[in-house]
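> Okay, sequence plus prediction incoming.
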Amino acid sequence: MAYALTGARIFTGEHWLDDHAVIIDGAHIADVVPHAETAAHERRDLGGGLLAPGFIDVQVNGGGGALLNGNPSVETVRTIARAHRRFGTVGLLPTVITDAPVVISSAVESVSRAMAEGEPGVLGIHIEGPFLDVARKGAHAARFIREMEEMDADEIIRFAARCPVMLTLAPNRVKPALVQRLAQAGVLVSLGHSDGTYAEAQLALAAGAAAFTHLYNAMSQMNGREPGMVGAALADPNSYVGLIADGHHVHEAALCVALAAKDLSRMMLITDAMPTAAGGPDRFMLQGREVTRRNGRLELSDGTLAGSDLTMDAAVRHCVQALGLDLATALRLASLNPARFFRRAHELGRIAPGFLASLVHLDQELNVTQTWINGA
């Protein structure tokens, strides 16, 4: 039975609507109509606030106390997805970072199974490493980092036949020919954790790389004579860029520079969330090392940042309240743009007839009150 969500201002992903309602029929949006045209439907009054496309997060290591690397099981995937959906995330990529091959393959198997079993909101997997640059390893364990061989590319392509794959790699440690093979096989290649030059990043982009992982963090910075990875990310008109907007990973001024320099349709918010996020504990173990939450910042014992304590709704609030970004743009950074990047913009990221009814209701302070995934 179709029903109408009423009583909230609607952001469609493109523009605002007042005095309208969203008609949901099963898993999909049947229509968006003036409130006066809802008499034939059951009305569910949201009591104000705003209704927007649900958030899509392409980098989620953990949440609700669970860490994919720590226990790469279907139950961990479920726990992460369910923890983050309370904060408006309707689609996410559980993320496994640099680790032993058995951990990565187990993570792929578990994400594939969770998707096959219909776990709401699981869209694929993000494999971050191990083909990175030790010079920009961040919290990744150096003992697992290695260069990519042909057989590694073969395995990633096999993974991509099981579920959609985003892969972060260092362009100065992976040959462009391998990047091209991966991209042609449908893998979404993202560049990160690299001290590579502007030229090396350009070669990877020309070979088919589609994005940059957490801009500014764990990558060569831009200066006048060598633009580095940051310069390559900001200068390229086609690639997507992930931003961790938590007040810890990137200075607000640097975020504003990126938002001013890059086409906003190519920017997307990510959380890089760890187990502390979405209701988790203050401490957890990452490959034998303790990570502690201090004032919202996650650190190893030496002070190295180790992921974030962020949820997508908090990232949206940070963009609006700390950066002064207009709300419509912030919402697109959290929904429509990552949907486009992940090739799901035909069904996610908008409130329009035929799209999945994957929505978030926010109050006036931009806190999440309800989330729907596929109409439920």
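Received, thanks.
> Remind me what the biggest strand by length in the chain packs against, helices and strands.
Using DSSP state E, we find that the single longest strand of the chain is strand 89-97. Strand 89-97 sits against strand 55-60, helix 74-85, helix 101-116, strand 125-128, strand 368-372, with contacts defined as 3 or more Cβ pairs under 8 Å, 6 or more residues apart in numbering; DSSP states H and E. (Glycine included, C-beta is placed from N, CA and C.)
> what about stretch 256-266, distance to the chain center?
Its chain's C-alpha centre and that of stretch 256-266 lie 17 Å apart, by Cα atoms, centre = their mean, to the nearest Å.
> how about the helices of the stretch 101-250 of the chain, start to end?
Per DSSP state H, counting those that start in this stretch, the stretch 101-250 of the chain carries helices over the ranges 101-116, 150-162, 176-184, 198-207, 228-235.
> Report all helices and strands that the longest one contacts.
Helices and strands touching helix 101-116, by 3+ Cβ pairs under 8 Å, 6+ apart, are helix 74-85, strand 89-97, strand 125-128, helix 150-162.
> so can I have a markdown table of those showing mean neighbour count?
Formatted as a markdown table, the helices and strands packed on helix 101-116 follow (neighbours: other Cβ atoms under 10 Å):
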| stretch | mean neighbour count |
| --- | --- |
| helix 74-85 | 23 |
| strand 89-97 | 29 |
| strand 125-128 | 29 |
| helix 150-162 | 16 |
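> Would you reformat these as CSV and include distance to Asp263 and mean pLDDT?
What follows is those, written out as CSV (distance: least, Cβ to Cβ, whole Å; pLDDT from 0 to 100):
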stretch, distance to Asp263, mean pLDDT
helix 74-85, 27, 98
strand 89-97, 22, 98
strand 125-128, 23, 98
helix 150-162, 27, 98
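> Ok, which of the helices of the stretch 101-250 of the chain comes nearest Ala352?
Ala352 sits nearest to helix 101-116 of all the helices of the stretch 101-250 of the chain, at 24.5 Å, using Cβ to Cβ.
> Specify the angle between the closest one and helix 74-85 in degrees.
Angle, helix 101-116 to helix 74-85, by axes from the mean of the first three to the mean of the last three Cα atoms, to 10 degrees: 60 degrees.
> relative to helix 150-162, how tilted is helix 101-116?
20 degrees.
> What mean pLDDT does helix 101-116 get?
Regarding helix 101-116, the rounded mean pLDDT is 98.
> Would you mind listing the outside residues contacting that helix?
By Cβ atoms under 8 Å, 6 or more residues apart in numbering, the residues outside helix 101-116 that reach it are 68-69, 72-74, 76-78, 81, 94, 96, 122-125, 127, 130, 155, 159, 162-163, 165.
> tell me the most buried of the helices of the stretch 101-250 of the chain?
Neighbour counts (mean count of other Cβ atoms under 10 Å) averaged over each of the helices of the stretch 101-250 of the chain peak at helix 228-235, with a mean of 23.
> Show me how far that helix is from its chain's centre.
In this view, helix 228-235 has its centroid 20 Å away from the chain centroid, taken as Cα atoms, centre = their mean.
> Stretch 331-343: end-to-end distance?
Stretch 331-343 has an end-to-end distance of 18 Å (Cα to Cα, to the nearest Å).
> meant to ask about stretch 49-67, not that
Using Cα to Cα, the gap from the first to the last residue of stretch 49-67 comes to 33 Å.
> again, but for stretch 234-243
Per Cα to Cα, stretch 234-243 runs 12 Å from first to last residue.
> Mind listing what's buried along it?
234-236, 239-243 (16 or more other Cβ atoms under 10 Å).
> Output those residues in TSV, with distance to Glu109 and pLDDT appended to each entry.
Converted to TSV, the buried residues of stretch 234-243 look like this (distance: Cβ to Cβ, whole Å; pLDDT from 0 to 100):
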residue	distance to Glu109	pLDDT
Leu234	37	98
Ala235	38	98
Asp236	34	98
Ser239	30	98
Tyr240	27	98
Val241	30	98
Gly242	25	98
Leu243	30	98
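> Make JSON lines from those and add distance to Gly354 to it.
Shown next, in JSON lines, are the buried residues of stretch 234-243 (distance: Cβ to Cβ, whole Å):
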{"residue": "Leu234", "distance to Gly354": "35"}
{"residue": "Ala235", "distance to Gly354": "36"}
{"residue": "Asp236", "distance to Gly354": "32"}
{"residue": "Ser239", "distance to Gly354": "28"}
{"residue": "Tyr240", "distance to Gly354": "24"}
{"residue": "Val241", "distance to Gly354": "29"}
{"residue": "Gly242", "distance to Gly354": "28"}
{"residue": "Leu243", "distance to Gly354": "30"}
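> Return the residues in contact with Phe131.
By Cβ under 8 Å, 6+ apart, the neighbours of Phe131 are 145-148, 152, 167, 169-170, 173-174.
> Just the buried ones among those residues, please.
Looks like the contacts of Phe131 have 145, 148, 152, 167, 169-170, 173-174 buried, using 16+ other Cβ under 10 Å.
> List just the nearest of the residues you listed to Val360.
Of those, the one sitting nearest to Val360 (Cβ to Cβ) turns out to be Leu167, at 28.1 Å.
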